[in-house]
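Asks: predicted model follows, preceded by the sequence.
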Protein chains: 2
Amino acid sequence: MKSEKAYKRSRQRESILGVLRNTSTHPTASWIYDQLKDDYPGLSLGTVYRNLNILLEMGKIQKLQFGSTFDRFDGNIHPHYHFICEECGSIYDMDMDMDAQIIHSVETMSGHSVRNYRFEFYGICSRCKNKAEN
Amino acid sequence: MKSEKAYKRSRQRESILGVLRNTSTHPTASWIYDQLKDDYPGLSLGTVYRNLNILLEMGKIQKLQFGSTFDRFDGNIHPHYHFICEECGSIYDMDMDMDAQIIHSVETMSGHSVRNYRFEFYGICSRCKNKAEN
DNA sequence: GTTCATGCAAATCGTTTGCACAATG
DNA sequence: CATTGTGCAAACGATTTGCATGAAC
């Protein structure tokens, strides 16, 4: 009956987490693979992917570019906030003033030049919340 | 010598843009394909993709990327801003206070519940700017 | 008539998965 | 020993691309 997952330790998984914690480069799966190939001659990319997903489940790492696997297209070329419903997958445009202040402070504190930005909120949309109440 | 691209008009491209402008659903390429299949019996998905990329080049549409290329992983599980350099591809963590105010106003104005968010800035990083100056 | 766009199918590429074997608890 | 992890290769799915034909200018 119990559907809890019982993770067993593995050298590979711990090394993958170690690599991730010792870099600030937000690496890709294959970069991690390259780093570990020397230590684990027989390592396979599949194992790296499997472990990254497990570490994600365990909440020990974060993945950028999550959500659906499809690219979505938008006829509105003005930057704007999006709200993505994790239940039904709908993407809503949020009609808000972009906060120029934030962009300015990012630029001054980092020295980078901002040309574009993308703000996304994830959660449950009002429609799905209403459905759940019935 | 001239490397400018000379786009020729095409019915298909105009219809794709039309579909995109007449919906607020942020469709995928294959959804657009399905919409147009009746009007263009011989339409191919490849054509839809090709035209979406051209419309992107022309700046007439926007692409929200979720998957496709490659996922990046982050050992830091706290939500934080990212700055992505369009020149060198580096991803920087931005050390800022997340503005709880923004999340609150998104929730009140939309009725959606925010569980997570992702703020990304795109531009040229300070390192690349310095290189350009030499 | 030269250039660009199309349709079709095959190719690409990051990621996932099935399987037999090894490691963990 | 029951379960989870591994390596390998094949499978997958969204997107891209090569090629011959068709449309635009």
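Replies: Good, I have the coordinates.
Asks: where does chain A have low pLDDT?
Replies: Within chain A, the stretches with pLDDT under 70 are A:1-4, A:65-73, A:75-79, A:97-99, A:133-134.
Asks: who are the packing partners of the longest strand along chain A?
Replies: Looking across chain A with DSSP state E, the single longest strand is strand A:113-124. Here strand A:113-124 is seen to pack against strand A:81-85, helix A:100-110, strand B:113-124 when contacts are counted using 3 or more C-beta pairs under 8 Å, 6 or more residues apart in numbering or on different chains; DSSP states H and E. Where C-beta positions appear, they are placed from N, C-alpha and C, glycine not excepted.
Asks: dump those to TSV, plus mean neighbour count and distance to DNA strand C.
Replies: Putting these into TSV (neighbours: other C-beta atoms under 10 Å in any protein chain shown; distance: least, C-beta to the nearest atom of the strand, whole Å) gives the following:
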stretch	mean neighbour count	distance to DNA strand C
strand A:81-85	22	18
helix A:100-110	14	26
strand B:113-124	18	16
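Asks: quick one: closest of those to DNA strand D.
Replies: Among these, strand A:81-85 comes nearest to DNA strand D, with 15.5 Å by C-beta to the nearest atom of the strand.
Asks: sheet partners, orientation included, of that closest one?
Replies: strand A:91-94 (antiparallel), strand A:113-124 (parallel) (DSSP bridges).
Asks: for chain A, which helix is longest?
Replies: The longest helix of chain A (DSSP state H) is helix A:45-57.
Asks: how far is it from where the chain is centred?
Replies: Mean-position distance between helix A:45-57 and its chain equals 14 Å (C-alpha atoms, centre = their mean, to the nearest Å).
Asks: in it, what counts as buried?
Replies: Neighbour-count burial for helix A:45-57, counted by 16 or more other C-beta atoms under 10 Å in any protein chain shown, picks out A:Thr47, A:Val48, A:Asn51, A:Leu52, A:Ile54, A:Leu55, A:Leu56.
Asks: quick check: the gap between the nearest residue to A:Pro27 once chain neighbours are set aside and A:Tyr7.
Replies: Residue nearest to A:Pro27 in three dimensions, not counting chain neighbours: B:Phe73, with 6.3 Å by C-beta to C-beta, 6 or more residues apart in numbering or on different chains. From B:Phe73 over to A:Tyr7 the distance is 18 Å, taken as C-beta to C-beta, to the nearest Å.
Asks: no further queries at this time; thank you.
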